[in-house]
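[1] what's the 3D shape of this:
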Amino acid sequence: TAYGDPDNLLVVESHVVDDLIGTAILSSESALMVHRVVVHPAAADTLLMVRCDFTLTLQIIGNLLVNAARYSPAGSLIEVSSNFDDGIVQITVADRGPGVADDELELLFRPLARGRSALTSPTGTGMGLAIARTFALAQHGDVIYSARAGGGAEFRLELPSASQHQLSLAQEPTNIGPSS
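    Numbering: from 1, shown residues only. Modelled structure (predicted):
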């Protein structure tokens with residue numbers, strides 16, 4: 001399925017969430033080298049599937065991972081989790097950096113805007129979160145910020161699920177052919 005105008009088509013297909021997360025972590029490896037990254041997958045018996053453009057979604061998750069690495073102390077933990085709620089797949093990247101000051105929240109997803117904590121970071125353009133949200137919105141999703149309990153930031157990518165009911169690996173197989 002393609003969304004958008006004919007000059008700017010997205011290739012939207014079903015993808016396994018764990019594959020997206022794993023690929024994004026590998027592609028962001030250089031930024032994550034001085035951090036511990038822990039992935040908390042959805043329930044062990046659930047295979048989360050999302051409807052998305054693979055390349056754009058990798059960019060979103062990659063931007064969230066790189067920001068978490070850039071703004072949290074070396075050696076700190078970056079956690080990635082996935083969840084399914086009411087037809088929406090959620091992928092959350094959480095860090096223990098400074099978070100976002102209340103008076104800077106309105107700038108968070110604005111292109112070229114950088115907060116005070118960015119003044120100590122020699123890299124970055126202020127485009128990562130703006131791009132992430134734009135790519136999510138183009139896929140009928142969003143990127144949402146929340147302050148993390150105990151300090152830090154949580155950025156949650158929300159995208160439409162590939163189905164209303166995620167595949168439970170514990171379910172009995174369905175017999176498709178004629179019964180014997």
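[2] CA only for contacts and neighbour counts going forward, please
    Fine.
[3] where exactly do the strands run in this structure?
    Listed in chain order, the strands of the chain (DSSP state E) span 12-16, 36-40, 46-47, 49-53, 77-85, 88-94, 142-147, 153-160, 167-168.
[4] of these, which is nearest Gly62?
    Ranking the strands of the chain by proximity to Gly62 (CA to CA) places strand 88-94 first, at 9.9 Å.
[5] quick one: that closest one to strand 153-160, angle?
    160 degrees (axes from the mean of the first three to the mean of the last three CA atoms, to 10 degrees).
[6] give me the residues contacting strand 88-94.
    The contact list for strand 88-94, computed with CA atoms under 8 Å, 6 or more residues apart in numbering, reads 48-50, 64-65, 68, 78-84, 148, 152-161.
[7] ok, back up a step: got the strands of the chain as CSV, with mean neighbour count and distance to Ile131 columns?
    Below are those laid out as CSV (neighbours: other CA atoms under 10 Å; distance: least, CA to CA, whole Å):
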stretch, mean neighbour count, distance to Ile131
strand 12-16, 15, 18
strand 36-40, 15, 23
strand 46-47, 16, 28
strand 49-53, 24, 14
strand 77-85, 19, 19
strand 88-94, 24, 16
strand 142-147, 18, 10
strand 153-160, 23, 12
strand 167-168, 14, 31
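[8] low-confidence ranges in the chain?
    Within the chain, the stretches with pLDDT under 70 are 1-8, 44, 109-127, 164-180.
[9] give me that answer again for 50
    Scanning the chain for pLDDT under 50 picks out the ranges 1, 6, 165, 168-180.
[10] tell me where it has helices.
    Assigned by DSSP state H, the helices in the chain fall at 17-27, 29-32, 54-71, 128-138.
[11] show me how far the third one is from its chain's centre.
    This means helix 54-71. Here helix 54-71 is found 7 Å from its chain centre; the criterion is CA atoms, centre = their mean, to the nearest Å.
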